[in-house]
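Participant: Starting from these lines, generate the structure:
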Amino acid sequence: MTISSHPAALLGIGDNVVDFYLDRNEFFPGGNALNVAVLAKRFGLADTGYIGIVGNDEEGNHVLNCLAEEQVWSERVRQAYGENGKAIVHLDDNGDRVFLRSNKGGIQKRLGLRLEETDLEAVERYGHVHSSLFSNLEHELPKIRERAKSVSFDFSWRHEMDYVKSIAPFITTAFFSGSALDDAGIDALIETVAGLGVSTIGVTRGSDGAFWMVHGKRYRQGIKPTTVIDTLGAGDSFIAGYISSVLMGNSVEEALDQAATFAASTCTIFGAFGHPYKVAG
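Facilitator: Predicted coordinates for the structure are as follows:
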């Protein structure tokens, strides 16, 4: 049965973690697919959802509670016996997060998400799906693409073309981190991925802003000045803001400008979207 899609809705499928701040002895919910779903709702999308696997520990319970508080649909989240994904971080003097170690995705990585028909019906209902390199969902992308109107995927730092080529047929939008690339490297990456049939390619490079191509047209977006407390989640905020604004019917230029403002606001709080959990002891 086909379920009619909301005109401006987004479903994040895949990774979630908690980011544990050593210096603060507290953790915050995070993970690209989860962040984009929550932040899209905060941006103004009426309907966002998240599907993934959480642990049965206090970290997993906190993720579930945060989804409920943020009013993000989470009926298809699986809670499994084991530890939630967790990353240990600290902030440097500039507010940039430094990842020290992680449990490699916790229970979600060990079990692997397998989508059922009910999940795919949700894909149809939401219309746009966002996932990421960290979601271990490559095997499910063909099924998602069959049922979704559009699919975005965050490759983060992973630029090797064999991997990108394996994903490109099943997505409409590709996001990359360009922190290790110069302008020429970013141009080459964008042109190559566009040649694989991906209609929108976005590359973010920290304080240098974002480099974009949509249907062959190039765009450039600078950052918005702000007081930086913590940069964790800024990139995910940019992605969520851009996707949401486009789904709401705004132009690419408007969407990029709004995404930059939204990302700047994320830098003024700890965690990707707040919700600290103080660890006892």
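Participant: would you list every one of the helices in the stretch 151-281 of the chain?
Facilitator: For the stretch 151-281 of the chain, applying DSSP state H, counting those that start in this stretch gives helices covering 161-167, 183-194, 234-247, 252-266.
Participant: So what angle separates the directions of the third one and helix 252-266?
Facilitator: When you say that, I think you mean helix 234-247. Note on geometry: by axes from the mean of the first three to the mean of the last three C-alpha atoms, to 10 degrees, helix 234-247 and helix 252-266 are set 140 degrees apart in direction.
Participant: Serialize the helices of the stretch 151-281 of the chain to a markdown table and add fields for distance to Leu22.
Facilitator: C-betas here are computed from N, CA, C, even on glycine. Rendered in a markdown table, the data for those read as follows (distance: least, C-beta to C-beta, whole Å):
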| stretch | distance to Leu22 |
| --- | --- |
| helix 161-167 | 32 |
| helix 183-194 | 33 |
| helix 234-247 | 20 |
| helix 252-266 | 21 |
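Participant: among those helices, which is the most enclosed?
Facilitator: For these, the largest average neighbour count (mean count of other C-beta atoms under 10 Å) is found in helix 234-247, namely a mean of 26.
Participant: Provide the contact partners of that one at residue level.
Facilitator: Contacting residues not belonging to helix 234-247 are listed as 7-10, 32, 35-37, 39-40, 42-45, 128, 130, 152, 154, 173, 175, 177, 202, 204, 210, 252, 254-256, 258-267, 272 [C-beta atoms under 8 Å, 6 or more residues apart in numbering].
Participant: Distance from that helix to the middle of the chain?
Facilitator: Centroid displacement of helix 234-247 relative to its chain, using C-alpha atoms, centre = their mean, to the nearest Å, is 9 Å.
Participant: Same question for stretch 114-121.
Facilitator: The gap between where stretch 114-121 is centred and where its chain is centred comes out at 20 Å by C-alpha atoms, centre = their mean.
Participant: Contacts for that stretch, please.
Facilitator: Identification of contacts with stretch 114-121 by C-beta under 8 Å, 6+ apart yields Met1, Ile3, Ile13, Ile51, Arg76, Val123, Glu140, Lys143, Ile144, Arg147.
Participant: mind listing the strands for the stretch 51-200 of the chain?
Facilitator: Across the stretch 51-200 of the chain, reading from the start of the chain, the strands by DSSP state E, counting those that start in this stretch fall at 53-55, 78-80, 86-91, 97-102, 128-132, 150-156, 173-177, 200-204.
Participant: can you tell me which of these comes nearest to Ile223?
Facilitator: In terms of C-beta to C-beta, the element of those nearest to Ile223 is strand 200-204, at 9.6 Å.
Participant: contacts for the closest one?
Facilitator: Residues external to strand 200-204 that are found in contact with it (C-beta under 8 Å, 6+ apart): 152, 172-178, 181, 186, 189-190, 193-194, 210-215, 235, 238-239, 242.
Participant: quick one: which of the contacts of stretch 114-121 is nearest Leu91?
Facilitator: For Leu91, the closest of these turns out to be Ile13, at 29.2 Å, with distances computed as C-beta to C-beta.
Participant: before we move on, the earlier item: top of the contacts of stretch 114-121 by number of neighbours, please.
Facilitator: With neighbours defined as other C-beta atoms under 10 Å, the most crowded of the contacts of stretch 114-121 is Ile13; it has 29 neighbours.
Participant: ok, now which ones touch that residue?
Facilitator: Ile13 is in contact with 33, 50-52, 113, 115, 119, 123, 129-131, 135, 137, 140, 144, counting by C-beta under 8 Å, 6+ apart.
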